[in-house]
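Chemist: Structure for this input, please:
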Amino acid sequence: VFQGSWECKVRRNMLGKQQQFIDHIVRLMKEVSQFSGNRSRKIHRLRELLDTPELTRFGPLPLPLDPDVRIMEVTCVFLSEKAWLFKSHLMPAKLTFRDINEQEYVVIFKNGDDLRQDQLILQMIRLMDKVRIFGPYSACGKIRSTFSDFAPPPPQEKILGTGLLSVSGYCVITYLLGVGDRHLDNLLLTKSGNLFHIDFGYILGRDPKPLPPPMKLSKEMVEGMGGANGECYQAFRKQCYTAFLHLRRHANLILNLFGLMVDASVPDIALEPDKTVKKVQDKFRLDLSDEEAVQYLQSLIDESVSAMFAVVVEQIHKFAQ
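Modeler: Sure, this is the predicted structure:
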């Protein structure tokens, strides 16, 4: 890179600018976190720092998260009035950029967190999604009104079916991985109907809240499927059983991959590395037959839907936000 062609030198220079850009944002975020005052004052301070002319030396350059997006000078890059700090321990920032095509690009910048655990869980979710085989559903008319804002008329049935598949898949996967701190702010929905989880700071059964349900399945989600007696909800339950049984057949692969991560210093694994594989293995209930496993999962779904303490915790979380 240092003694290569002109193209290599240009790329090295661009990578250097990207590193300077990130370093500057890190320093800015550290200053905001150390700034005295409540979150409103910190947000005001963040917006002040984003308006400084010092950042103009970084543009234009490819955005490190997506090199296809080329952001411009900071006077046009940061829309400081849209900068925001989330209510979280590390207060990640929402930053809005404007690219060379005058399009806005929103990112979340989080400093001081170890994202290896999030990366591990995302990779495991991707793996589990590949090994499970799901077919499309057409019997989802009763949840049409719930997703009406997200579903344009032509592909509506496909979107509703996608939502059903993603909810069932994440219910089973987050249960197997023991993902904790599941509240509605950690569940997002795309316009294509895909529901997905974010923030995997608690795994393998750890949870900051007491008495968490086995999986995140609220009554509101069941009502969105047409109620407990609805056709879509019954299809959802069957899909959960199918996913659970299919993933059980690939348990050895998943357990071996977790075993390879025992010495990787992933936060929640490092707490009890000798018990990591056992925790995941217990979730699979490999001691049960397929029929018994389905009955076991049925009880977990019923327990999750009827968990009253989880409703109280969700309301407390809403109030805190």
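Chemist: which regions of the stretch 1-150 of the chain sit below the pLDDT cut-off?
Modeler: Applying pLDDT under 70 to the stretch 1-150 of the chain flags residues 1-4, 53-59, 72-80, 89, 132-150.
Chemist: residue boundaries of the strands in it?
Modeler: Across the stretch 1-150 of the chain, reading from the start of the chain, the strands by DSSP state E, counting those that start in this stretch fall at 61-63, 66-71, 84-85, 93-98, 104-109.
Chemist: need those in JSON lines with distance to residue 6 and mean neighbour count, can you?
Modeler: Backbone N, C-alpha and C define where each C-beta goes, glycine included. As requested, the strands of the stretch 1-150 of the chain are arranged in JSON lines below (distance: least, CB to CB, whole Å; neighbours: other CB atoms under 10 Å):
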{"stretch": "strand 61-63", "distance to residue 6": "18", "mean neighbour count": "18"}
{"stretch": "strand 66-71", "distance to residue 6": "19", "mean neighbour count": "14"}
{"stretch": "strand 84-85", "distance to residue 6": "41", "mean neighbour count": "18"}
{"stretch": "strand 93-98", "distance to residue 6": "28", "mean neighbour count": "19"}
{"stretch": "strand 104-109", "distance to residue 6": "29", "mean neighbour count": "13"}
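Chemist: Mind checking these for the one nearest to residue 276?
Modeler: With respect to residue 276, and counting by CB to CB, the nearest of these is strand 104-109 at 28.5 Å.
Chemist: Give me the distance from that closest one to the chain's centre.
Modeler: Taking CA atoms, centre = their mean, to the nearest Å, one finds the center of strand 104-109 at 15 Å from the center of the full chain.
Chemist: who's in contact with that strand?
Modeler: Counting contacts by CB atoms under 8 Å, 6 or more residues apart in numbering, the residues outside strand 104-109 that touch it are 25, 29, 63, 65-66, 69, 71, 79, 86, 92-99.
Chemist: nearest to residue 267, of the strands of the stretch 1-150 of the chain?
Modeler: Of all these, the one in closest proximity to residue 267, counting by CB to CB, is strand 104-109 (19.7 Å).
Chemist: Each with direction, which strands does the closest one pair with?
Modeler: Using DSSP bridges, the neighbouring strands of strand 104-109 in the sheet come out as strand 93-98 (antiparallel).
Chemist: and the direction of the strand it pairs with versus that of strand 66-71, what angle?
Modeler: Put simply, strand 93-98 runs at 70 degrees to strand 66-71, going by axes from the mean of the first three to the mean of the last three CA atoms, to 10 degrees.
Chemist: pull the CA atoms of strand 93-98 into PDB?
Modeler: Extracted in PDB, the C-alpha atoms of strand 93-98 (Å, rounded to 0.1, in the frame of the first residue of the first chain):
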ATOM      1  CA  ALA A  93     -26.000   8.900  19.200                       C
ATOM      2  CA  LYS A  94     -28.200   9.100  16.100                       C
ATOM      3  CA  LEU A  95     -26.400  11.100  13.500                       C
ATOM      4  CA  THR A  96     -27.800  12.200  10.100                       C
ATOM      5  CA  PHE A  97     -25.500  12.600   7.200                       C
ATOM      6  CA  ARG A  98     -26.200  14.000   3.700                       C
END
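Chemist: how deep is residue 86 tucked in, by neighbour count?
Modeler: Residue 86 sits with 15 neighbouring residues when counted by other CB atoms under 10 Å.
Chemist: wait, what's in contact with it?
Modeler: Residues touching residue 86, when contacts are defined by CB under 8 Å, 6+ apart, comprise 92, 93, 94, 108.
Chemist: export those residues to CSV and tack on distance to residue 250?
Modeler: As requested, the contacts of residue 86 are arranged in CSV below (distance: CB to CB, whole Å):
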residue, distance to residue 250
92, 34
93, 39
94, 37
108, 32
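Chemist: out of those residues, which one sits closest to residue 241?
Modeler: For those, the residue nearest residue 241 by CB to CB is residue 108; the value is 35.3 Å.
Chemist: and the gap between the closest one and residue 120?
Modeler: 19 Å (CB to CB, to the nearest Å).
Chemist: Then residue 62?
Modeler: When residue 62 is compared with residue 120 (using CB to CB), they lie 27 Å apart.
Chemist: same check, this time on residue 131
Modeler: When CB to CB is applied, the distance between residue 131 and residue 120 equals 17 Å.
Chemist: same deal with residue 169?
Modeler: Going from residue 169 to residue 120 by CB to CB gives 18 Å.
Chemist: got it, and residue 162?
Modeler: Counting by CB to CB, the separation of residue 162 from residue 120 is 26 Å.
Chemist: centroid residue for the protein?
Modeler: Centroid check for the chain by CA atoms, centre = their mean gives residue 198 as the closest residue, at 1.7 Å.
Chemist: tell me the contacts of the nearest residue to it once chain neighbours are set aside?
Modeler: Nearest-residue entry for residue 198: residue 186, 5.5 Å, with adjacent residues in sequence omitted and distances by CB to CB, 6 or more residues apart in numbering. With contacts defined as CB under 8 Å, 6+ apart, the neighbours of residue 186 are 197, 198, 199.
Chemist: so who does the second one touch?
Modeler: Neighbouring residues of residue 198 by CB under 8 Å, 6+ apart: 186, 187, 188.
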